[in-house]
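Chemist: sequence first, predicted model second:
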Amino acid sequence: MTVIQVDHVSRWFGNVVAVNDVTMTIGPGVTGLLGPNGAGKSTLLHMMGGFLSPSTGTVTLDGAPTWRNQEIYRHIGLVPERESMYDFLTGREFVVANAELFGLATPGADAQVAIDTVEMEYAADRRIATYSKGMRQRIKMASALVHQPSVLLLDEPFNGMDPRQRMQLMDLLRKMGAEGRTVLFSSHILEEVEQLAHHIEVMVAGRHAASGDYRQIRRLMVDRPHKYTVRTSDNRALAAALIADASTSGVEFDPREDVLHVQAVDFVGFTRRLPKVAREAGIRLFEVSPTDESLESVFTYLVGAR
Ligand SMILES: Nc1ncnc2c1ncn2[C@@H]1O[C@H](COP(=O)(O)OP(=O)(O)OP(=O)(O)O)[C@@H](O)[C@H]1O
């Protein structure tokens, strides 16, 4: 069971609309759920995990509703951002307790596999009270993995982790995605999502703002200005030709790098016009690359566009 379908889902708390008419499909592999604080990511993850009911709409896993569905819980692991941990337990006891809650036949052995997966064996028999934030995160992860779910939902999993722990967790999530599991993690940190997820879903203010590869999302925003670095056989001549063309709103010549920085009016218009403008002026294009194609700029545009 691997495909989560969110269909016209809204969730409100009193007057606050946390999730507003969201429809999305999450399949196998690693997907990033990106959005600023308060965008509704946690609320959405909890509804996907079946721990919170939608106010309207449905959330299903391979067609079966997730809300209060015992059968579905066996296939989903949720790693919440905040969770009251039982500090007096050891990491191992905590994971074993979760294995028992799932009714697994061999809780000790299953807990051991999960502890090894998150590389926490060295501290498994220490009390959780003595753990760092990153260790707590990993033991939570072990307890979410103890029943070998096909869907893993993680809320801000990298919070509080040091760079080494972050790399380890990224490797682990990549591996799980490659095994065919559905891995969905939320983050407000752009570079995390960019490094890990091939596919991203963007939430802004409770709404589903965009979906796809971040470059595709960038291209969806064709009405936004885009910047390019262009290197040609005659940069000055192209600068003159471009500034006379409606596709371009600004050109800067950089003599040190011997390139042009071009501000295009829109993506589609510029990518169509540039080869023609160059050909008509008898100029050869050596390099054309977008200069602001980072997820950060996509996100800023998406947030700014609201
Ligand atoms: N139990 C609740 N009661 C009242 N309001 C809530 C509740 N849970 C969430 N909200 C509100 O819903 C909105 C979305 O919150 P949510 O936690 O889902 O966002 P988020 O994107 O996960 O942000 P963060 O990363 O800060 O947790 C916020 O305005 C939040 O205050």
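Modeler: Here it is on my side, so go on.
Chemist: for the rest of this, base every contact and every neighbour count on C-alpha atoms.
Modeler: Will do.
Chemist: would you enumerate the residues in contact with the residue lying closest to Asp125 once chain neighbours are set aside?
Modeler: Nearest residue to Asp125, sequence neighbours excluded (CA to CA, 6 or more residues apart in numbering): Thr90, at 5.3 Å. For Thr90, the contact set (CA atoms under 8 Å, 6 or more residues apart in numbering) comprises 124-128.
Chemist: now do the buried residues in the helix or strand harbouring Gly269.
Modeler: Take DSSP states H and E as the rule and Gly269 turns out to sit in helix 267-280. For helix 267-280, burial by neighbour count (16 or more other CA atoms under 10 Å) applies to 267, 270, 274, 277-278.
Chemist: out of those residues, which is nearest to Phe51?
Modeler: Phe267 (41.9 Å; CA to CA).
Chemist: and that closest one, how far from Thr56?
Modeler: When distances are taken as CA to CA, to the nearest Å, Phe267 and Thr56 turn out to be 37 Å apart.
Chemist: related to what we said a few turns ago, just put the buried residues of helix 267-280 in TSV and tack on pLDDT and distance to the ligand.
Modeler: Rendered in TSV, the data for the buried residues of helix 267-280 read as follows (pLDDT from 0 to 100; distance: CA to the nearest ligand atom, whole Å):
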residue	pLDDT	distance to the ligand
Phe267	75	30
Phe270	87	35
Leu274	93	40
Val277	94	45
Ala278	94	45
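Chemist: for those, which one is nearest Thr66?
Modeler: Sorting those by distance to Thr66 puts Phe267 at the head of the list, at 40.4 Å, by CA to CA.
Chemist: thought that closest one was touching Tyr228?
Modeler: No: the pair formed by Phe267 and Tyr228 falls short of the contact definition of CA atoms under 8 Å, at 9.9 Å.
Chemist: center of this structure, which residue is that?
Modeler: Gly32 (1.5 Å; CA atoms, centre = their mean).
Chemist: beta-bridge partners for that one, please?
Modeler: When bridges are called by DSSP bridges, Gly32 pairs up with Phe185, Ile200.
Chemist: surely it and Leu184 touch.
Modeler: Yes: taking CA under 8 Å as the definition, Gly32 is a contact partner of Leu184 at 5.8 Å.
Chemist: if we can go back for a sec, per-residue confidence at the residue nearest to Asp125?
Modeler: Note on Thr90: pLDDT of 96.
Chemist: need phi/psi at it.
Modeler: For Thr90, the backbone dihedrals are phi -80, psi 160 (criterion: degrees, to the nearest 10).
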